[in-house]
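Just need the structure, nothing else, for what follows:
(one chain, ligands or ions: 1)
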Amino acid sequence: MSSTPYKRVLLKLSGEVLMGSQPFGIDPEFVAEMAKEVKAAKDTGLEICLVIGGGNIFRGMAGAAKGMDRAQADYMGMLATVMNALAMQNALEQLGVPTRVQSAIEMDKVCEPVIRRRAERHLEKGRVVIFAAGVGAPYFTTDSGAALRAAEMKCDALLKGTSVDGVYDSDPKTNPDAVRYSSVDYDTVLADNLKVMDASAVALCRDNAIPIVVFSIREQGNLAAVLAGEGTKTIVQKGA
Ligand code: UDP
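Residues are numbered from 1 along each chain as shown. Here you go, the predicted structure:
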């Protein structure tokens, strides 16, 4: 039985957490560590949807800053998320966790297209579903993709696993007095431009009453702790 208040969650991992100590790319050992965290969470009885970013390989904005056409660069970024999804699928299945990848850009040789009803069935059967290629359109990010899939899959929460342990009132890297919120309202995040997720992702979660739980995935066992209502985190929700 799950000891968490959630039955189904969407876990968003930024691409950077797959690169380990490398400057870019995929470190299979680190992906295996992440997969262990996901398996531990799944073993508590949760249904898990996953969205993985692509920032460890390519970000459209970075390409555009160097003169590329933004949309073209964004499509490259979306393809990067598919590579990460396949790496995570491989790592999860090596741990015995059945996993399906559904991509918003169809690539039938390597994964399924996004089909909500089929994803439902996978979850019912105890499979992890990884949604790749974000929303399938340029000018978006995988945060928006995560919010969209969390809404359509009726997830109880969107868990955002990053390198920082929550949401601060200012940047903790530059301000030693920065204070971490334990809970904060969606509207405060938007009005104060707090670095949580893109505004479109936050607004979609607000409009569908999906709490966003921001926590550090880099600490071993932290995902399970957060799911059990413990661990260091910030919850973005209504009325906080
Ligand atoms: N991307 C996009 N549309 C989407 C999702 C992603 O164009 O719906 C592109 C965009 O260029 C983005 C890149 O894919 O920079 C990688 O995703 P993201 O930056 O969200 O990855 P993360 O920062 O989470 O690793």
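
so L11, which of the three states?
Here L11 is recorded as strand under DSSP: H, G, I helix; E, B strand; the rest coil.

Show me which residues of the lengthiest helix in the chain are buried.
If you go by DSSP state H, the chain has its longest helix at helix 70-94. Residues of helix 70-94 classed as buried by neighbour count (16 or more other CB atoms under 10 Å): 73-89, 91-92. Using the backbone N, CA and C atoms, a C-beta is placed for each residue, glycine as well.

Determine if any part of stretch 147-159 is in contact with the ligand.
No. Applying CB under 6 Å from any ligand atom, one finds stretch 147-159 separated from the ligand by no less than 8.3 Å.

Also stretch 21-40?
No. Stretch 21-40 does not reach the ligand (CB under 6 Å from any ligand atom); its nearest approach is 11.1 Å.

and that stretch, average pLDDT?
Per-residue pLDDT over stretch 21-40 has a mean of 94.

How about residues contacting it?
Contact with stretch 21-40 is made by 11, 13, 17-20, 48, 50, 56-57, 83-84, 87-88, 90-92, 94-97, 128, 217, 220-224, as judged by CB atoms under 8 Å, 6 or more residues apart in numbering.

Also stretch 113-133?
Outside stretch 113-133, the residues that touch it by CB under 8 Å, 6+ apart are 8, 38, 42, 47-52, 78-79, 81-82, 84-85, 88-89, 92, 97-106, 111-112, 136, 145-146, 149, 152-153.

What of stretch 77-93?
15, 18, 26, 28, 31-32, 34-35, 38-39, 50, 52-54, 56-60, 63, 99-101, 103-105, 107, 110-111, 128, 130-134, 136, 138, 142, 145.

Please apply the same query to stretch 101-109.
Contacting residues not belonging to stretch 101-109 are listed as 75, 78-79, 82, 85-86, 89, 110-115, 118-119, 129-136, 145 [CB under 8 Å, 6+ apart].

Among those, which ones are in helices?
Y75, M78, L79, V82, A85, L86, Q89, R118, A119, G145.

In contact with S144: list those residues for me.
G134, V135, M197, D198, S200, A201, L204.

just to revisit the earlier point, narrow the contacts of stretch 77-93 to just the buried residues.
15, 18, 26, 31-32, 34-35, 38-39, 50, 52-54, 56-60, 63, 99-101, 103-105, 111, 128, 130-134, 136, 138, 142, 145.

what's the helix or strand of the chain with the lowest mean pLDDT packed up against?
Within the chain, confidence by mean pLDDT, DSSP states H and E is lowest for helix 222-227 among all helices and strands, at a mean of 91. Under the contact definition 3 or more CB pairs under 8 Å, 6 or more residues apart in numbering; DSSP states H and E, helix 222-227 sits against helix 28-42, strand 157-162, strand 212-216.
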